[in-house]
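J.: Sharing a sequence plus its predicted fold:
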Number of protein chains: 2
Amino acid sequence: MTRRSDKRMRLILAANRLIHRKGYERTSIAEIAKEAAVPPGNVYYYFKTKEELVDAMIARRNAFISAWLSDIDKDGDPELKLTRFVDEFEKTSKSRAEHGCPVGGLCHDANRIGGTFADQAGAAFRTLLEWLARQFVELGDDQERAKANALHLFSVLEGATLFAHTFREPGIVEAESARLKAWLVSLATSQQP
Amino acid sequence: MTRRSDKRMRLILAANRLIHRKGYERTSIAEIAKEAAVPPGNVYYYFKTKEELVDAMIARRNAFISAWLSDIDKDGDPELKLTRFVDEFEKTSKSRAEHGCPVGGLCHDANRIGGTFADQAGAAFRTLLEWLARQFVELGDDQERAKANALHLFSVLEGATLFAHTFREPGIVEAESARLKAWLVSLATSQQP
DNA sequence: GTCTATAGGCAGATAGAC
DNA sequence: GTCTATCTGCCTATAGAC
């Protein structure tokens, strides 16, 4: 086998790009193959179905997210870690305005498709929310409040992304990020507002 | 003509229901016809294209939203009006957990399709945001701050809807609604925090 | 004016050639 | 083990029958 994993990975990466931009439904196997420079139709040698390809793509994304969180975790200070989390959204504001949130968009699509798909896609959100809640606990929240604050922070960012995408206005994500960071500062200073 | 407008409206209503549940891509003309009890294929007598049908559906939705805002406007108090706005999300939390936000979902789909579609769908958000900003002005905000607060309030609700949908958890919308209402009270009491 | 039969195209998937 | 030619089915849209 001449580097089977190479083409396989190229297909996963192409699917990742295209599905972020065009969504699951409007991204065809043929397009993914073309983008990956793999002969069309040949995709089914590497993946039995389109769904299996996307499953592999989601798994890779989720691993990426876990690795990212581990990287942030090297900082000990929860306030700083939360700030870095929000910063990531600010930094990707242009991409978000143009194509929406990769995770949120996929969850949206997955919810429509149903099956095991939605759980796979939602796992990324679950991981991120649990991580966020842990940071709020470290800041002094009890479990319940930490969960609520995690959900609030993330809701703001995802909602802002939706509006930024709808109006093609990266500034919306940036404005809400700034607001959240100010809130984090006030939280950390005054041990709960 | 034996009540041309009757079948036409039935098709619009069927499209509205189905597209909310399954999204634009996964809702076929044949399904819409079936749901509306109109002979399949006959749809094209009433609408030249699928896009035209959806345009009509969006126009109806947008009119509905404007009427709803006019109704709320009968209350003079901006704080009460904003509370009623948030209440609407709380009341529809179950539907939101099951099928997502009808407006947000459509904007999402429309962004992928492109063309004149995205503007049509986004118009509802624009109308709602402008209305929200007006209420914040009445509460004492300057224009810029009112716009920011409108966007923030709505972002929270749309983000919460996304998570509620992803996790099939209406409580998420309810929790964020409660949080927003507490915030509105604190805003109105203390003329800006 | 209303509806049906069908065209035309593209999607996902497969069988089998190289 | 790798790739291509092709099948089947569904979707949008139309031409023309009633």
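T.: In hand now; what should we look at?

J.: Hmm, A:V54 is touching A:E25, no?
T.: No. Shown here, A:V54 and A:E25 do not form a contact pair, counting by C-beta atoms under 8 Å, at 11.3 Å. Using the backbone N, CA and C atoms, a C-beta is placed for each residue, glycine as well.

J.: And those two? Which one has more around it.
T.: Between A:V54 and A:E25, A:V54 has the larger neighbour count (other C-beta atoms under 10 Å in any protein chain shown), namely 25 against 16.

J.: Enumerate every residue touching that one.
T.: Applying C-beta atoms under 8 Å, 6 or more residues apart in numbering or on different chains, we find A:V54 in contact with A:15, A:19, A:24, A:117.

J.: A:E51 too?
T.: Here A:E51 is in contact with A:115, A:117 (C-beta under 8 Å, 6+ apart).

J.: From chain B, how far off is it?
T.: 14 Å (C-beta to the nearest C-beta, to the nearest Å).

J.: in what helix or strand does that residue lie?
T.: In the assignment (DSSP states H and E), A:E51 maps to helix A:50-72.

J.: Mind listing what's buried along that helix?
T.: Buried residues in helix A:50-72, counted by 16 or more other C-beta atoms under 10 Å in any protein chain shown: A:50, A:53-58, A:61-62, A:65, A:69, A:72.

J.: Out of these, which is nearest to DNA strand C?
T.: A:K50 (3.7 Å; C-beta to the nearest atom of the strand).

J.: hang on, the closest one packs against A:I29?
T.: Yes. Counting by C-beta under 8 Å, A:K50 touches A:I29, with 5.6 Å between them.

J.: Stretch A:106-121 and chain B, any residue contact?
T.: Yes. Stretch A:106-121 lies within reach of chain B by C-beta under 8 Å from any C-beta of the partner chain, at A:107-109, A:111-113, A:118, A:121.

J.: I'd like to know which of the residues you listed are part of helices.
T.: Members of those lying in helices (criterion: DSSP state H): A:107-109, A:111-113, A:118, A:121.

J.: restrict those to those near DNA strand C?
T.: Here nothing survives when those are matched to DNA strand C using C-beta under 7 Å from any atom of the strand.

J.: End to end on stretch A:84-103, go ahead and measure it.
T.: End-to-end distance of stretch A:84-103 (C-alpha to C-alpha, to the nearest Å): 18 Å.

J.: Any idea how far it is from the middle of the chain?
T.: Relative to its chain's centre, stretch A:84-103 lies at 9 Å (C-alpha atoms, centre = their mean, to the nearest Å).

J.: what comes up buried for stretch A:172-189?
T.: For stretch A:172-189, burial by neighbour count (16+ other C-beta under 10 Å) applies to A:172-177, A:179-181, A:183-184, A:187-188.

J.: again, but for stretch A:38-53
T.: Within stretch A:38-53, the residues that qualify as buried are A:38, A:43, A:46-47, A:50, A:53, counting by 16+ other C-beta under 10 Å.

J.: what does stretch A:80-88 give?
T.: Using 16+ other C-beta under 10 Å as the test for burial, stretch A:80-88 gives A:81-83, A:85-86.

J.: Against which helices or strands is the helix or strand hosting A:E90 packed?
T.: Taking DSSP H and E as the criterion, the element that holds A:E90 is helix A:78-91. Under the contact criterion of 3 or more C-beta pairs under 8 Å, 6 or more residues apart in numbering or on different chains; DSSP states H and E, helix A:78-91 touches helix A:50-72, helix A:117-138, helix A:143-167, helix A:170-190.

J.: Using TSV, lay out those helices together with distance to B:F125 and mean pLDDT.
T.: Shown next, in TSV, are these (distance: least, C-beta to C-beta, whole Å; pLDDT from 0 to 100):
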stretch	distance to B:F125	mean pLDDT
helix A:50-72	28	96
helix A:117-138	23	96
helix A:143-167	6	98
helix A:170-190	11	94
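
J.: can I get these in a markdown table with distance to B:A33?
T.: Formatted as a markdown table, the helices and strands packed on helix A:78-91 follow (distance: least, C-beta to C-beta, whole Å):
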| stretch | distance to B:A33 |
| --- | --- |
| helix A:50-72 | 27 |
| helix A:117-138 | 27 |
| helix A:143-167 | 30 |
| helix A:170-190 | 39 |
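
J.: Excluding residues flanking it in the chain, which one is nearest A:E90?
T.: In space, and not counting its chain neighbours, A:E90 is closest to A:S177: 4.1 Å by C-beta to C-beta, 6 or more residues apart in numbering or on different chains.

J.: One more: A:L157?
T.: Spatially, and ignoring its direct neighbours in sequence, A:L157 is nearest to A:F89 (5.0 Å; C-beta to C-beta, 6+ apart).

J.: Then A:D109?
T.: Nearest residue to A:D109 in three dimensions, chain neighbours excluded: A:Y24, at 4.1 Å (C-beta to C-beta, 6+ apart).

J.: How about A:D55?
T.: Distances taken as C-beta to C-beta, 6+ apart put A:Q120 closest to A:D55, at 6.1 Å, once the chain neighbours are dropped.

J.: ditto for A:D141
T.: A:N149 (6.1 Å).

J.: Quick check: the gap between the one you found and B:L157.
T.: Separation of A:N149 from B:L157 (C-beta to C-beta, to the nearest Å): 17 Å.

J.: so A:P40, which of the three states?
T.: coil (DSSP: H, G, I helix; E, B strand; the rest coil).

J.: right, and it touches A:E31 too?
T.: No. Look at A:P40 against A:E31 with C-beta under 8 Å: they stay out of range, at 9.0 Å.

J.: For the residue most central in space within chain A, list the residues it contacts.
T.: The centroid of chain A falls nearest to A:V103 when counting by C-alpha atoms, centre = their mean (3.6 Å). Going by C-beta under 8 Å, 6+ apart, A:V103 touches A:61, A:65, A:121, A:124-125, A:128.

J.: quick one, the helix or strand it falls within and helix A:143-167 angle?
T.: Assigned by DSSP H and E, A:V103 belongs to helix A:102-113. Relative orientation of helix A:102-113 versus helix A:143-167 (axes from the mean of the first three to the mean of the last three C-alpha atoms, to 10 degrees): 90 degrees.
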